[in-house]
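Asks: This is a predicted model, with the sequence first.
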Amino acid sequence: MEIKTTMRELKLIEELLKQLTLEEKIGMIHGAGLFRTEGVERLDIPPVYMSDGPMGVRAEFADNEWRSVGTTEDFVSYMPCNSAIAATWNTEIAERAGEVLGEEARGRGKDVILAPGINIKRSPLCGRNFEYMSEDPRLVEELVVPMIQGIQKYDVAACVKHFAANSQETERLWVDTIVDRRTLEEIYFPGFKAAVEKGGVFSLMGAYNLLNGEHCCTSKSLLNQVLREEWNFDGMIVSDWGGVHDTKLAAESALDIEMDVTYAFDKHNMAQPLLEKIQSGEISEECVDEKVRNILRMMLRLNMIGENKEHRCRGAYNTEEHRRSLLNAARESVILLKNEEGLLPLDEEKTKKIAVIGQNAAAIHSNGGGSAEIKALYEISPLMGIKKLLGGNTKVCYAPGYVIPGKDNKSDINWQADSTKHLEEEKTQTVEEQNSMQTKQEEEYREEALRLASECDTVIFVGGLNHDYDLEGQDRADMKLPYGQDKLLEALLEVNPNVITVIYAGSPVEMPWADKAKAIVWSYYAGMEGGTAIAEVLFGRVNPSGKLAETLIQESSQCPAHTIGTYAKKDKVEYKEGVMVGYRYYDTQNTPVHFCFGHGLSYTAFEYTDMEVSLLNIKREDKIRKAVCVVCNLKNIGDREGAEVVQLYVKPINSQHNRPMHELKAFKKVFLKPQEKKRVEFMLDSRDFTYYDMGRQKFVIEACEYEIEIGASSRDIRLCKSIIL
Ligand code: BGC
């Protein structure tokens, strides 16, 4: 999507530029508050107000202190995280999620929403994986474009982040990420390139890390060369908060706004230090002019200035419509990983007593995670979702099952209980006493859970992670479930083999009990209605249609980022695994995994038939291009309506290059009534057969045979035909 600046707009920009003093321009290109720049009142140029983040508009912060202002106007709709949106594999959901975020951001008076985060999930251990979409660049590309367009409908700039190759949190400000050009072009760039070229994104955030020796936020190769020259990006580039370390580099790079975490706004590189360097002649004022031009251009696009100012979208937040859309997104994001003996869905009429076990059944997640945290208007936990759905005639027995150390597992003491305190002896506990209390509590919780599991026919375990693990600024040490959940689950499955396991998390976990568990449901942090969606899936009111946008491996040591490349190192990480990221590696190596990329079951079944592949000449932009048309039939052969994500992978046969076994090139989510059949069509173009040739420094098609695979996951290929190119 090319956004053109009209001659009139260009004139306005130049006119404003002429009238601005150097000091005023400097004010516009660095943080003057934690989330804003300075405006120029006399010329009617407003400050740029920014806000995190990806899961809703973040709480209002004091201008010069990392303290939420603590008022009540900033409770907002809590969105499913990007991993959840990706699990829907639905471009319309992505667009609607964008619309909700954009409208809420505008409703809160923001100009730039610091989202979506689209870094590639290189390792399951990255603390911010929940903020990102997938291990697959094509899936990211297809979802990020409608999401950006959704956001920007409301005169708010999306700010796609963090550019680039920012896939670890360990030492994130200083780690040098070594990645070759092919890997960047095939894996780490496509999402950003699509955001710019197809999504028409108005702004972009640089990453904290260095890439091949240059700090991303001031990297001339990344920002000037790739973004501005190769992709023609003329939007606004903002640094990550505190990602700028050098005034001259910042001035000469294509960075437009420097943001920082400190309150000494005048000391930012692009504040007083830059002003002085310009005044002394060391740096030319033209550098600043270019930045101001980009900022003014973004302001024009957002109707912050210019003739349409009066008609700027006013936005809205916490609307009923938003909540409905987010519920819909949450419903489509739930993934049914396993369902033996038709254990699910549960029958709500027949369920008279049910045990719900596990801290995540009752936990609230919206207020954690780092910059993605928000003040949610409300958040329905899975336990509430289940109770809400079943009503008062069913006995729902909840047991936490395991202890989260440091969190008081007892409910708050109220004044009535407090008033009886004098009856007890006051005593401060030693560490030993605390530990033994914890052990005692662990035993009590475990016993209670096991007793319930043996007493109840229906047992739902809801465990997983929380934002102590899925967290900005830190990576996980391994993929193990914390708090002794594995042991508890094994024991629960021992006393009741029909325990239904729900994992609520932001990134993959080890599942040593996976073979024993008959039914496993996966949900990412799914927003304010996440618990409703889980309950509806468990009881069959919603037929699950989510699919994995990342491989669930058995343990992190299987991940090529750890075995071939390096990960979570302090000074330098080397992406030696190259393009072999996620299923590209696991499927090529036939690695045993728990659940493969693209996997997700339904309560109905789908039949794939009648695949046809034909080579076509199509006319696009007045040019005749070759295209490969792939069609097949998809039929719902069950008696429930449902949706299937038809996935298309391209597999080069006998490639002479180090190429993955196959790669996702297209997908479609198809909704079918019972017994309904639809024709599914895909149009591939030459790009879908290319790889990046380092020697020639461009994408090239390898002349060889290709298999076109159509399937329900990367390892459940239902139809296949080959073509020779
Ligand atoms: C994060 C960004 C975020 C910014 C502002 C940084 O620490 O990396 O994603 O937008 O803070 O809160």
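Replies: Cool, got the structure.

Asks: Could you use CA atoms for every contact and neighbour count after this?
Replies: Will do.

Asks: quick one: what helix or strand has whatever residue of the stretch 351-500 of the chain ends up closest to the ligand in it?
Replies: Closest to the ligand within the stretch 351-500 of the chain is Ser371: 4.8 Å, counting by Cα to the nearest ligand atom. Using DSSP states H and E, Ser371 falls within no helix or strand.

Asks: which residues touch it?
Replies: 52-53, 58, 472 (Cα atoms under 8 Å, 6 or more residues apart in numbering).

Asks: 7 Å - rerun?
Replies: By Cα atoms under 7 Å, 6 or more residues apart in numbering, the residues touching Ser371 are 52-53.

Asks: Do you know the pLDDT at it?
Replies: pLDDT, Ser371: 95.

Asks: Around the ligand, pick out the residues from this structure.
Replies: Residues of the chain found near the ligand (Cα under 6 Å from any ligand atom) are 52, 114, 240-241, 371.

Asks: at 5 Å instead, please
Replies: Ser371 (Cα under 5 Å from any ligand atom).

Asks: Who does Arg620 form a beta bridge with?
Replies: Counting by DSSP bridges, Arg620 forms beta bridges with Lys623.

Asks: And Glu99, how close does it get to the ligand?
Replies: 19 Å (Cα to the nearest ligand atom, to the nearest Å).

Asks: Report the separation between that residue and Glu373.
Replies: Taking Cα to Cα, to the nearest Å as the measure, Glu99 falls 19 Å from Glu373.

Asks: do the same with Glu320
Replies: 22 Å.

Asks: more neighbours, those two?
Replies: Taking other Cα atoms under 10 Å, Glu320 and Glu373 do not tie; Glu373 has more neighbours (22 against 10).

Asks: what's the pLDDT at the closest residue to Ser325 other than its chain neighbours?
Replies: Computed as Cα to Cα, 6 or more residues apart in numbering, the closest residue to Ser325 that is not its neighbour in sequence is Arg96, at 7.0 Å. Arg96 carries a pLDDT value of 98.

Asks: you'd agree Arg96 is up against Ile151?
Replies: No. Counting by Cα atoms under 7 Å, Arg96 sits too far from Ile151 to count as a contact (8.6 Å).

Asks: neighbour count winner among these two?
Replies: More crowded of Arg96 and Ile151, by other Cα under 10 Å: Ile151, with 30 against 21.

Asks: What helix or strand is the residue nearest to the more buried one when sequence neighbours are not counted located in?
Replies: Excluding the flanking residues, the one nearest Ile151 by Cα to Cα, 6+ apart is Gly102, at 3.9 Å. Here Gly102, judged by DSSP H and E, is contained in helix 91-107.

Asks: which parts of that helix are buried?
Replies: 91-107 (16 or more other Cα atoms under 10 Å).

Asks: likewise stretch 384-396?
Replies: Neighbour counts using 16+ other Cα under 10 Å place 384-387, 389-390, 394, 396 of stretch 384-396 among the buried residues.

Asks: how about those residues in TSV, adding pLDDT and secondary structure?
Replies: Below are those laid out as TSV (pLDDT from 0 to 100; DSSP: H, G, I helix; E, B strand; the rest coil):
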residue	pLDDT	secondary structure
Met384	98	helix
Gly385	98	helix
Ile386	98	helix
Lys387	98	helix
Leu389	98	helix
Leu390	97	helix
Thr394	96	coil
Val396	97	strand
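
Asks: Check the secondary structure at Leu184 for me.
Replies: On the three-state scheme (DSSP: H, G, I helix; E, B strand; the rest coil), Leu184 is labelled helix.

Asks: Tell me the gap between stretch 153-166 and the middle of its chain.
Replies: Relative to the chain's own centre, stretch 153-166 is displaced by 12 Å; criterion: Cα atoms, centre = their mean, to the nearest Å.

Asks: typed the wrong thing, it's stretch 702-717
Replies: 26 Å.

Asks: ok, and the closest non-adjacent residue to the closest residue to the ligand within the stretch 551-700 of the chain?
Replies: Nearest residue of the stretch 551-700 of the chain to the ligand, counting by Cα to the nearest ligand atom: Ala568, 16.3 Å away. Of all residues not flanking Ala568 in the chain, Thr170 sits nearest, at 5.3 Å (Cα to Cα, 6+ apart).

Asks: Now do the same contact list for Trp231.
Replies: If you count contacts by Cα under 7 Å, 6+ apart, Trp231 has them with 193, 197.

Asks: now Val542
Replies: Counting by Cα under 7 Å, 6+ apart, Val542 makes contact with Glu536.

Asks: Doesn't it belong to a strand?
Replies: No. According to three-state DSSP, Val542 belongs to no strand; its state is coil.
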